[in-house]
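[1] Fold the stuff below for me.
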Amino acid sequence: MTIPLGTASAQVDAAPDRAAADDLFRRGLALMKQGKYPDACPKFEASHRLDPSFAALINLGDCYQKVGRTASAWGAYREASDLARKYTDENRIKLAESRASPLESQLPRLEIVVVADRDVRAYEIRRDGKVVDPGLIGTPIPIDPGEYEIAATGPGVEEWKSHVKISRPGERVTERIVLRRAAPAPFPTVGSDAVTPAEGTPPSAVPAFPAGPADSETTVGSGVTHDSESGFYLSATPFVGYLLATSGDLDASAHGMTLGGSLLAGIRLGDFLLLGGTTLAKTTDPTVSISGRSGTADMTLTGLSLSAGVGYRMSRKLVFAGLLRLTRMSLSARGFSLDSSFGPGAELRADWELFRMGRFGVGLAGSVAWSALDIEGTKWSATTAALGMTVSYQ
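    You can find the predicted model right below:
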């Protein structure tokens, strides 16, 4: 649907460029009717710049939608709504909102994250050559589908560039920028172009190399898709969970609340992590069932696991890990104790970072683990689901 310029601008003061704006608007309408949407959009843009109007904005939003510029269409409709509110025109407010609302769930968003010792304003971040306002750093902003070049520069660091592609409605992309310290310029060697100290200047007065920033590396962003950084990773997680152990040999089961902690350490290679760790868990006074008869047992189950596996950072905050485990279970009660041999098992784990302070992150961790155990010749299967608070360093 198109809206004639004359009726839409009745409440807008006449401007010197009204005639040119009107001509551009009508040309845009004609191009829209011919299906030439890429040519029509600039006409509405120019018309609105010369003489801001509700009609130009609504038709511009429609044109943007036709060429797949979802975020720009949403922005045009929102601006049209604001313009209508200025004149308290309820009908036009409803029209603009009815166009904008369905697009909100389809908006792709791009977040550029900066984590650095220096204030973000010390760096210049550009998207397709245009400077990104520092206030937008760390905020997922609506953006049209397409491919974008992200570039960053700053004092004492190498220029950094990457490309981001956004193609799906509602897609969320977090881009991490890594700025490395610029290599110091080599000291000039003796030759025709060499710079030598003036006669009489003591050798100590000539610097060996230019002074650089104190930090050896600046990291901009945290946990991004397609990150090429590597480094050390460590996390500690106290947790509470629930244990269920069953034995088909004895027609028996034991279950109860469990408390414990885990420690993971490894190497981060981009978004992948090579991990190894250990877990200790204790279940006190579990409910035991044997041949249909159950009751609370005065005993303690203690499990020790050694694990190794891989992890993958799905986003800036979310890490999934799959681990193979060797688990040993000890059963102790009054007067006796039983120990299993180390049995095979597996664990799936997800870590969600809530906030970060420098290299330290604090978040939640959830896991499900399974182990096959042999206790004095009897086969047991143990499953534990746990939730904990994790502290990580990377």
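
[2] Please count neighbours and contacts with C-alpha atoms only from this point.
    Fine.

[3] bridging residues for residue 374?
    residue 379 (DSSP bridges).

[4] Does it touch residue 382 like I think?
    No: the pair residue 374 / residue 382 is not scored as a contact, 10.7 Å apart, by Cα atoms under 8 Å.

[5] Contacts for the helix or strand hosting residue 280, please.
    For residue 280, the element it lies in under DSSP states H and E is strand 272-284. Counting by Cα atoms under 8 Å, 6 or more residues apart in numbering, strand 272-284 makes contact with 233, 243, 256-268, 298-313, all of which sit outside it.

[6] Which PyMOL command selects the buried ones in those?
    Applying 16 or more other Cα atoms under 10 Å to the contacts of strand 272-284 leaves a buried subset, and the PyMOL line that selects it is:
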select buried, resi 233+243+256+257+258+259+260+261+262+263+264+265+266+267+268+299+300+301+302+303+304+305+306+307+308+309+310+311+312+313
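
[7] low-confidence ranges in the stretch 101-250 of the chain?
    Applying pLDDT under 70 to the stretch 101-250 of the chain flags residues 115-117, 178-179, 183-230.

[8] which SS class is the residue lying closest to residue 286 once chain neighbours are set aside?
    Using Cα to Cα, 6 or more residues apart in numbering and skipping residues adjacent in sequence, the residue nearest residue 286 is residue 256, 4.7 Å away. Of the three states, residue 256 takes strand according to DSSP: H, G, I helix; E, B strand; the rest coil.

[9] hey, what's residue 256 bridged with?
    Where residue 256 sits in a bridge, its partners, by DSSP bridges, are residue 243.

[10] Report the contact partners of it.
    The contact partners of residue 256, taken as Cα under 8 Å, 6+ apart, are 242, 243, 244, 283, 284, 285, 286, 287.

[11] in its sheet, what does the strand holding residue 280 sit against?
    Strand 272-284 sits in its sheet next to strand 252-269 (antiparallel), strand 299-313 (antiparallel), going by DSSP bridges.

[12] Quick one: closest of those strands to residue 24.
    strand 299-313 (49.4 Å; Cα to Cα).

[13] got a list of contacts for the closest one?
    Strand 299-313 is contacted by residues 223-225, 271-286, 319-334 when judged by Cα under 8 Å, 6+ apart.

[14] let's go with 7 Å and repeat that
    The contact list for strand 299-313 (Cα atoms under 7 Å, 6 or more residues apart in numbering) reads 223, 271-285, 319-333.

[15] cool, stretch 370-379 as well?
    Identification of contacts with stretch 370-379 by Cα under 7 Å, 6+ apart yields 247, 249, 327, 339-341, 343-347, 380-384.
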